[in-house]
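Novice: output the structure for:
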Amino acid sequence: MAMETILSDLSVSMTEFKKNPNVALRESGGQAVAVLSHNKPAFYMVPPDRYEAMLDAIDDLHLVRVVKERLKQKDRAIAVTLDDL
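Specialist: The predicted structure is shown next:
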């Protein structure tokens, strides 16, 4: 039997979550909660501020990739002054 990693310190069963999602949210204290179905993560309940931070981090990683790719093409750059723009 394969072990499933739960990427949260907190978890709740799907049954308990469906009974009253607000209780799980309130008791999470703003932390991410793994909602388990048959003892495996079905999804993660993530507070809005944490979700926004995750999206910002993903966006930052994307921008780093873009910058690295553009730096590889630095030899094709054309020098301009701010007045030229």
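Novice: now do the same for Tyr44: helix, strand or coil?
Specialist: strand (DSSP: H, G, I helix; E, B strand; the rest coil).
Novice: that one touches Gln31, doesn't it?
Specialist: No. Applying Cβ atoms under 8 Å as the test, Tyr44 and Gln31 come out as separate, 10.3 Å apart. Bear in mind the C-beta positions are built from the backbone N, C-alpha and C, glycine included.
Novice: quick one: find the helix or strand in the protein with the lowest mean pLDDT.
Specialist: Sorting the helices and strands of the chain by mean pLDDT, DSSP states H and E puts helix 21-28 at the bottom, at a mean of 93.
Novice: which helices and strands sit right next to that helix?
Specialist: helix 14-19, strand 33-37, strand 40-45 (3 or more Cβ pairs under 8 Å, 6 or more residues apart in numbering; DSSP states H and E).
Novice: and among those, the most buried is which?
Specialist: Mean neighbours per residue, mean count of other Cβ atoms under 10 Å, is largest over the helices and strands packed on helix 21-28 for strand 33-37, with a mean of 18.
Novice: same for the longest helix anywhere in the chain, what does it pack against?
Specialist: If you go by DSSP state H, the chain has its longest helix at helix 48-72. The helices and strands touching helix 48-72, judged by 3+ Cβ pairs under 8 Å, 6+ apart, number zero.
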